[in-house]
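Chemist: With the input below, show me the fold.
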Amino acid sequence: MENLNPQEPAPQVPAPQPPAPGGITEQQWILFLNLSALAGFVIPSMGHILGPLIIWLVKKPESAAIDAAGRAVLNFQISWTFWMVASVILAFVGSCLIVPIVLPVAEGIAWLVFVIIGSVKASNGEPYTFPLTIKML
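Modeler: Numbering: from 1, shown residues only. So this is what the prediction gives:
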């Protein structure tokens, strides 16, 4: 809206406020998004998706960076759930072979390593692209 009276000063827009001392920053929320996938150890079968989903749904309106990180983490967790189900089915069908039996264990270890790498990158403020992720969100 234009200022029609040239003698009146234009209204001042308040500057964005920094987070309150002791408040949680955007970078910390992104770290929590990554680490919340470890809730799968507490709530088997769905905790690795529920942890990031809850944080993402609550915090995504506050920041585009949190929204993007939440989508990336959830896409990774959902994708790896599909891969794990496929590897367990393969292990069941090919149970007479050693490789299919070891595949779910190796995939679980890889998942944990990727969650840790993503968390470390998030704590350093660096973006991380998770491998073997199907983009759904």
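
Chemist: right, and Pro52 touches Ala37 too?
Modeler: Yes: if you go by Cβ atoms under 8 Å, Pro52 and Ala37 touch, sitting 5.7 Å apart. Just so you know, the C-beta spots here come from the backbone N, C-alpha and C atoms, and that holds for glycine as well.

Chemist: any residues in contact with both of those two?
Modeler: Overlap between the contact sets of Pro52 and Ala37, as judged by Cβ atoms under 8 Å, 6 or more residues apart in numbering, is given by Val73, Gln77.

Chemist: Would you mind listing the residues in contact with Leu33?
Modeler: When contacts are taken as Cβ under 8 Å, 6+ apart, Leu33 is in contact with Pro52, Ile55, Trp56, Ile66, Ala69, Gly70, Val73, Ala122.

Chemist: ok, and the closest non-adjacent residue to the residue sitting nearest the centre point of the chain?
Modeler: With the centre of the chain defined as its mean C-alpha position, the nearest residue by Cα atoms, centre = their mean is Val73, 2.7 Å away. Taking Cβ to Cβ, 6 or more residues apart in numbering, and ignoring the residues beside it in sequence, Val73 has Pro52 as its nearest neighbour in space, at 4.6 Å.

Chemist: How many residues are close by that neighbour?
Modeler: By the measure other Cβ atoms under 10 Å, the count of residues near Pro52 is 27.

Chemist: what do you get for Pro44?
Modeler: 9.

Chemist: And it, its phi and psi?
Modeler: With angles defined as degrees, to the nearest 10, Pro44 shows backbone torsions of phi -60, psi 150.

Chemist: I'd like the distance between the residue nearest to Val73 and Ala110.
Modeler: Counting by Cβ to Cβ, to the nearest Å, the gap from Pro52 to Ala110 is 18 Å.

Chemist: now Leu90: how far from Ala68?
Modeler: Plainly put, Leu90 is 33 Å away from Ala68 if you go by Cβ to Cβ.

Chemist: longest helix anywhere in the chain?
Modeler: Among the elements of type helix in the chain, defined by DSSP state H, the one spanning the most residues is helix 64-93.
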